[in-house]
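K.L.:
For reference, the sequence and a predicted model appear below.
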Amino acid sequence: MICVGSVACLALGTTGCVQKEFQDQKAQGLIAVAPIHLDAEQVMLTIGQLECGVTSDLWDSPGPLMQERSVARLLAAGKALHFDDDVIVSEPGYRMPYVQIRGDFMMQLADGPNTKDEGSDGRLVDGKLMVLMPHMCFADPLPVLGVRKGKFSEDVNPVMEFRLLNDGWHFMKLVH
């Protein structure tokens with residue numbers, strides 16, 4: 001009986017505890033646990049994904065690639081996957097095609113993110129953030145583009161804000 005009472009007291013004593021430590025694995029776990037809402041973020045596509053999207057009627061075949069900027073017009077099936085604008089196939093300053101997305105997505109954060117303290121209750125994490133897209137063309141997740149000087153860039157990882165609230169750590173938003 002004394003043993004049961006000790007366990008009950010210990011359980012009650014720990015219910016008010018919130019884990020205040022924040023390691024890279026914490027950020028990875030918080031990102032992967034539930035869908036995250038993205039609003040007008042850019043994701044990079046591979047050439048294979050671009051071509052598969054054309055054959056799967058997600059978007060039209062791109063216009064002439066000799067122009068400074070080439071696009072592939074988004075179709076209804078692509079919109080249903082929460083792609084939000086035409087695919088930019090080529091544009092000065094970008095090596096790979098990219099497209100805007102909007103909606104709730106499962107995501108993953110690759111190993112090796114960088115964490116910066118923002119006071120006792122905040123962390124900024126930059127790392128390779130990837131969107132899991134439920135379609136055969138996207139067996140490999142789509143990398144989210146980061147922002148440098150107000151412009152999306154393939155060479156910059158996105159920055160994520162996390163906050164410690166009363167019930168633990170939470171992903172808050174992407175920082176631009």
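P.N.:
Received, thanks.
K.L.:
Please work out the average pLDDT along the one helix or strand residue 79 maps to.
P.N.:
Residue 79 is located in helix 76-80, with elements delineated by DSSP states H and E. Averaged across helix 76-80, the pLDDT comes to 98.
K.L.:
CA-only coordinates of it in PDB, if you can.
P.N.:
Extracted C-alpha coordinates of helix 76-80, given in PDB (Å, rounded to 0.1, in the frame of the first residue of the first chain):
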ATOM      1  CA  ALA A  76      -6.700  21.300 -61.100                       C
ATOM      2  CA  ALA A  77      -4.900  18.100 -59.900                       C
ATOM      3  CA  GLY A  78      -1.900  20.200 -58.800                       C
ATOM      4  CA  LYS A  79      -4.200  22.600 -56.900                       C
ATOM      5  CA  ALA A  80      -5.800  19.700 -55.100                       C
END
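K.L.:
pLDDT averaged over the very next helix or strand once past that helix, what's the number?
P.N.:
Counting by DSSP H and E, the element after helix 76-80 in chain order, helix or strand, is strand 87-90. Averaging pLDDT along strand 87-90 yields 95.
K.L.:
ok now strand 87-90, how far from the chain's centre?
P.N.:
Centroid displacement of strand 87-90 relative to its chain, using CA atoms, centre = their mean, to the nearest Å, is 20 Å.
K.L.:
what about the helices in this structure?
P.N.:
Secondary structure of the chain (DSSP state H): helices at 2-14, 24-32, 47-55, 76-80.
K.L.:
re earlier: in the helix holding residue 79, what's buried?
P.N.:
residue 78 (16 or more other CB atoms under 10 Å). The C-beta positions use only the backbone N, C-alpha and C, and glycine is treated the same way.
K.L.:
State the distance from the residue nearest to residue 50 when sequence neighbours are not counted to residue 154.
P.N.:
Nearest residue to residue 50 in three dimensions, chain neighbours excluded: residue 97, at 4.9 Å (CB to CB, 6 or more residues apart in numbering). Noted for residue 97: a distance of 11 Å to residue 154, by CB to CB, to the nearest Å.
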